[in-house]
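Trainee: Here is a sequence together with a model predicted from it:
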Amino acid sequence: MTRAPHDRLAREVREHAGRLAAALVQVTGDFATAEDLVQDAVLAALRHWPVDGIPERPDAWLFTVARRRGLDLLRRESRFRTKVEQLKPLEELQWPVQPEPDARLRLIFTCCHPALSQQAQIALTLRVVCGLTTAQIARAFLVRESTVAQRITRAKRKITDAGIPYRVPDSDELGARLSGVLAVIYLLFNEGYLSTAERAQSHDLVDDAEWLATLLHQLMPAEPEVAGLLALIRLHRARTAARFDPDGGLVLLQHQDRSLWDGEAIDEATRLLTRAAKIRRPGPYQLQAAIVACHAEAERWEDTDWQQIVILYDMLLHLAPSPVTRLHRAIALRYVSGPRAALTEVDRLAAELDRYHLFHATRAELLRALGHPDQARDADRRALELTANPAEQAVLQERIAWNQAAAPSVVAVTGGGATWRK
């Protein structure tokens, strides 16, 4: 099977798996069963589509397989009579199913129940609702695939055993689940903006992330962190036209044509962020959006307010300390105090970030700036080993080939999961 059908299969699964899972949960009332049926349908597609071709209606095909599999499972139940009410709606169910407009948001809130650990909440939601692979989730968390798989399995079992309901919580329950929901949407956006898989980016995932953030903002218009996340996504999207060259190569922030940025979208996102700030409850997503706004509002690279960016990173570290955020504060520090000061800060993170490709790419840039090309080349090689993204690989391979001082670039973060700032 050629690469193109694999890519299309991935797109179809990503687009329809969450909606199908939401519809099946709504009908069967059983979260684990619905998720298993979706996975069975996906596995069937992997077996049949390479031979028969991708059907004209992949969503209907996946639904039909899931429905048939569900009926088979229900009929085999030893306590068949107790399943009659569950069986009847599944027999009558036809595609296209029309779940409520917030079906995927309901499913996210179900996955983000406080009975689960936050890491399990996020991993489960990214897998079931958003269609990310276990490998993609593992890279986002900087942990092993087996760890993520165990979290997902335990979370599914706990949802079933505890009878956690499929619904958007009442208003007095929203706060307890909000941080997990925000993290899911944020990581979904990160994966789309610059993928950890074997593609440069995914517009579908970015679209889904913005759609979910918008829906959440409509549900919770007075919550500043929701507005902050939505502003963050929109600020990044405003630079879309300048992020890649016509050949698909990555264009780093310093070299982007800022006339291609969407000024109207930047202004709109900045106004949204300003309204959130007036509530006077700062949080990590608002601060990350403010950092991106500093870049977006600078007319030229030379106009970037690096001191303000360092201050914002200091505030972010106070509220949500993480080694990745410390890494990106060090990158900003380079433009305030110089590459040597930045490298000192970066080297302190070696034990925590050795498996993180942007740690090594950052070290390479700083070592190059300090006149150590051989060490820089070794760091770039290590970064290349750790990324599957073809656009990042191309940048790193070019640097390795040059083996000379390269133009300075910026690597920055949008929170817990890092991306190259382009």
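Mentor: Yes, it's here.
Trainee: Just the buried residues of stretch 268-287, please?
Mentor: For stretch 268-287, the neighbour count (16 or more other CB atoms under 10 Å) marks 269-270, 272-273, 276-277, 282-287 as buried. All C-beta spots, glycine's among them, are computed from the backbone N, C-alpha and C.
Trainee: quick one: terminal-to-terminal distance for it?
Mentor: By CA to CA, to the nearest Å, the extent of stretch 268-287 from end to end equals 17 Å.
Trainee: And the average pLDDT for it is what?
Mentor: Stretch 268-287 shows a mean pLDDT of 97.
Trainee: what's the distance between it and the middle of its chain?
Mentor: The chain centroid and the centroid of stretch 268-287 are separated by 21 Å under CA atoms, centre = their mean, to the nearest Å.
Trainee: Equivalent analysis for stretch 181-195, please.
Mentor: Stretch 181-195 has its C-alpha centroid displaced from the chain centroid by 2 Å (CA atoms, centre = their mean).
Trainee: Repeat that for stretch 32-42.
Mentor: 22 Å.
Trainee: just to revisit the earlier point, and the furthest pair within the buried residues of stretch 268-287?
Mentor: Largest separation among the buried residues of stretch 268-287 by CB to CB: 270 and 284, giving 18.0 Å.
Trainee: Can you check the pLDDT for the residue nearest to residue 281 when sequence neighbours are not counted?
Mentor: Computed as CB to CB, 6 or more residues apart in numbering, the closest residue to residue 281 that is not its neighbour in sequence is residue 224, at 5.1 Å. For residue 224, the pLDDT comes out at 97.
Trainee: can you give me the helices for the stretch 251-400 of the chain?
Mentor: 263-277, 284-297, 306-319, 323-337, 339-347, 350-353, 357-369, 373-386, 390-402 (DSSP state H, counting those that start in this stretch).
Trainee: do the stretch 1-150 of the chain as well
Mentor: So, for the stretch 1-150 of the chain - with DSSP H, counting those that start in this stretch - the helices run 3-28, 31-52, 58-76, 84-92, 103-111, 118-128, 134-141, 145-162.
Trainee: Residue 365: which of these is closest?
Mentor: Of all the helices of the stretch 1-150 of the chain, helix 134-141 comes closest under CB to CB, at 21.2 Å.
Trainee: and the closest one, what does it pack onto?
Mentor: Other helices and strands packing on helix 134-141, by 3 or more CB pairs under 8 Å, 6 or more residues apart in numbering; DSSP states H and E, are helix 118-128, helix 145-162, helix 174-193.
Trainee: so of those, which one's packed in deepest?
Mentor: helix 118-128 (a mean of 25; mean count of other CB atoms under 10 Å).
Trainee: I would like the residues contacting that helix, please.
Mentor: Residues outside helix 118-128 that contact it (CB atoms under 8 Å, 6 or more residues apart in numbering): 17-18, 21, 35, 38, 107-108, 111-113, 116, 132-134, 136-137, 140-141, 148, 151-152, 154-156, 158-159, 179-181, 183-184, 187-188, 191.
Trainee: average pLDDT for that helix?
Mentor: Computed over helix 118-128, the average pLDDT equals 84.
Trainee: Got the phi and psi for residue 250?
Mentor: Residue 250 adopts backbone torsions of phi -70, psi 130, taken as degrees, to the nearest 10.
Trainee: hang on, isn't it packed against residue 396?
Mentor: No - using CB atoms under 8 Å, residue 250 is not in contact with residue 396, being 10.1 Å away.
Trainee: Pull out the buried positions in stretch 32-40.
Mentor: 32-40.
Trainee: before we move on, what about stretch 352-371?
Mentor: For stretch 352-371, burial by neighbour count (16+ other CB under 10 Å) applies to 353, 356-370.
Trainee: Just the closest of the residues you listed to residue 233, please.
Mentor: Distance to residue 233 across those (CB to CB) is lowest for residue 358, with 20.0 Å.
Trainee: just to revisit the earlier point, quick one: the helices and strands packed on helix 134-141 as a markdown table, columns for distance to residue 382 too.
Mentor: Listed next are the helices and strands packed on helix 134-141 as a markdown table, based on distance: least, CB to CB, whole Å:
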| stretch | distance to residue 382 |
| --- | --- |
| helix 118-128 | 26 |
| helix 145-162 | 20 |
| helix 174-193 | 22 |
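Trainee: in the stretch 301-422 of the chain, which segments are predicted with low confidence?
Mentor: 403-422 (pLDDT under 70).
Trainee: what number of residues lie near the closest residue to residue 341 other than its chain neighbours?
Mentor: Computed as CB to CB, 6+ apart, the closest residue to residue 341 that is not its neighbour in sequence is residue 333, at 5.9 Å. Neighbours of residue 333 under the rule other CB atoms under 10 Å: 22.
Trainee: Surely residue 333 touches residue 345?
Mentor: Yes - using CB under 8 Å, residue 333 is in contact with residue 345, at 6.3 Å.
Trainee: before we move on, back to that, export the helices of the stretch 251-400 of the chain to JSON lines and tack on distance to residue 172?
Mentor: Formatted as JSON lines, the helices of the stretch 251-400 of the chain follow (distance: least, CB to CB, whole Å):
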{"stretch": "helix 263-277", "distance to residue 172": "22"}
{"stretch": "helix 284-297", "distance to residue 172": "22"}
{"stretch": "helix 306-319", "distance to residue 172": "24"}
{"stretch": "helix 323-337", "distance to residue 172": "31"}
{"stretch": "helix 339-347", "distance to residue 172": "43"}
{"stretch": "helix 350-353", "distance to residue 172": "38"}
{"stretch": "helix 357-369", "distance to residue 172": "40"}
{"stretch": "helix 373-386", "distance to residue 172": "44"}
{"stretch": "helix 390-402", "distance to residue 172": "44"}
